[in-house]
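Asker: fold the following for me, if possible:
(one chain, ligands or ions: 1)
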Amino acid sequence: MWLNYPNNPTGAVADINYFNEVIEFGKQFDIAVLHDAAYSEVAFDGYKPISIMQAKDAKDIAVEFHSLSKSYNMTGWRIGMAVGNAEIIDALMRVKSNMDSGIPQAIQYAAIEALNGSQDCIIEHNKIYQERRDKIVNVLEKIGLEVNPCYASLFVWVKIPKGYTSGQFAELMLNDLDIVVTPGLGYGEYGEGYIRLSLTLPDDQLDRGLKRISEWTIPSQ
Ligand SMILES: *Cc1c(COP(=O)(O)O)cnc(C)c1O
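Answerer: Numbering: from 1, shown residues only. As a prediction, this is how the structure comes out:
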């Protein structure tokens, strides 16, 4: 079973009770629990995402995957790590070593620098993302949209007005505002009724987009 918290696309976060339950469930039905923790360092308002390995007996059944893509702006460099149940890690290593043969060494050295160096960059990045989140949430709420709380990840998950599908609403924003958002349906049927906005746009572009949104009246369907 694959999980991902802080979550992309919803920005939802998990607490220890939830992880404890998942581990118990996995153990009961002999299901490996694989946790994608790509956003473990991207959090706001003092919130600190937890690891599934903190859950009781997690090592019996779980593996957690980390990536340097988001924490250290190394997206596309293909470097990360997995920790957890020894048997699963052993199987993963056998599969991996038969499929490819490692990451370019320069990237490995860069990752060592990132992990051993000052972690101030994480605080700096999170401050930038948090400011963008605040601006986005503020403008969306002003025009009457309902925004999910967002304590972590790089995304704002927004409920769209009744009468629209997420595809129609994304198309409307593109046509009316020249703004691209992701329709929730693209993430599966339970994403319908929502759109996803990203915090990764440079500030000047974001400000231009938000200005258009703030002057927009959503046509009623
Ligand atoms: C960005 C992201 C990753 C990181 O993937 P890499 O292949 O390490 O770049 C993993 N999971 C989720 C949910 C992500 O959004």
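Asker: what's the pLDDT at Ser166?
Answerer: Ser166 is assigned 98 on the pLDDT scale.
Asker: roughly how far apart are it and Leu140?
Answerer: Distance of Ser166 to Leu140, given as Cβ to Cβ, to the nearest Å: 15 Å. Quick note: C-beta positions are derived from backbone N, CA and C, even for glycine.
Asker: ok, these two, which is more surrounded?
Answerer: Neighbours per residue (other Cβ atoms under 10 Å) separate Ser166 from Leu140, with Ser166 holding more: 23 against 20.
Asker: can you report how many residues neighbour Ser153?
Answerer: Around Ser153 there are 29 residues (other Cβ under 10 Å).
Asker: contact partners for it?
Answerer: Shown in contact with Ser153 (Cβ atoms under 8 Å, 6 or more residues apart in numbering): 6-8, 11, 39, 42.
Asker: do Tyr39 as well
Answerer: With Cβ under 8 Å, 6+ apart, Tyr39 has these contacts: 5-8, 49, 70, 152-154.
Asker: highest neighbour count among the residues you listed?
Answerer: With neighbours set by other Cβ under 10 Å, the maximum within the contacts of Tyr39 is found at Ser153, which has 29 neighbours.
Asker: okay, it: pLDDT?
Answerer: pLDDT, Ser153: 97.
Asker: any idea how far Tyr164 is from it?
Answerer: 24 Å.
Asker: for Met1, same thing?
Answerer: 32 Å.
Asker: quick one: which of these two has more around it?
Answerer: Neighbour totals were compared for Met1 and Tyr164, and Tyr164 leads with 19 against 13 (other Cβ under 10 Å).
Asker: look up phi and psi at that one.
Answerer: Dihedral pair for Tyr164: phi -110, psi 150, per degrees, to the nearest 10.
Asker: now do the contacts for it.
Answerer: So Tyr164 contacts 172, 221 (Cβ under 8 Å, 6+ apart).
Asker: swap in Ile23?
Answerer: 33, 52, 55-58, 60-62.
Asker: what comes up buried for the helix or strand that contains it?
Answerer: If you go by DSSP states H and E, Ile23 is part of helix 16-29. Neighbour-count burial for helix 16-29 flags 19-20, 22-23, 26-27 (criterion: 16 or more other Cβ atoms under 10 Å).
Asker: same question, stretch 143-155
Answerer: Applying 16+ other Cβ under 10 Å to stretch 143-155 flags 145, 147, 150-155 as buried.
Asker: quick check: Glu146 touching Lys162?
Answerer: No: using Cβ atoms under 8 Å, Glu146 is not in contact with Lys162; the gap is 10.9 Å.
Asker: quick one: stretch 180-190 near the ligand?
Answerer: No: using Cβ under 6 Å from any ligand atom, we find that stretch 180-190 stays clear of the ligand, coming within 10.4 Å at best.
Asker: just put the buried residues of helix 16-29 in TSV and tack on pLDDT and distance to Ser220.
Answerer: Shown next, in TSV, are the buried residues of helix 16-29 (pLDDT from 0 to 100; distance: Cβ to Cβ, whole Å):
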residue	pLDDT	distance to Ser220
Phe19	98	42
Asn20	98	45
Val22	98	41
Ile23	98	46
Gly26	98	46
Lys27	98	50
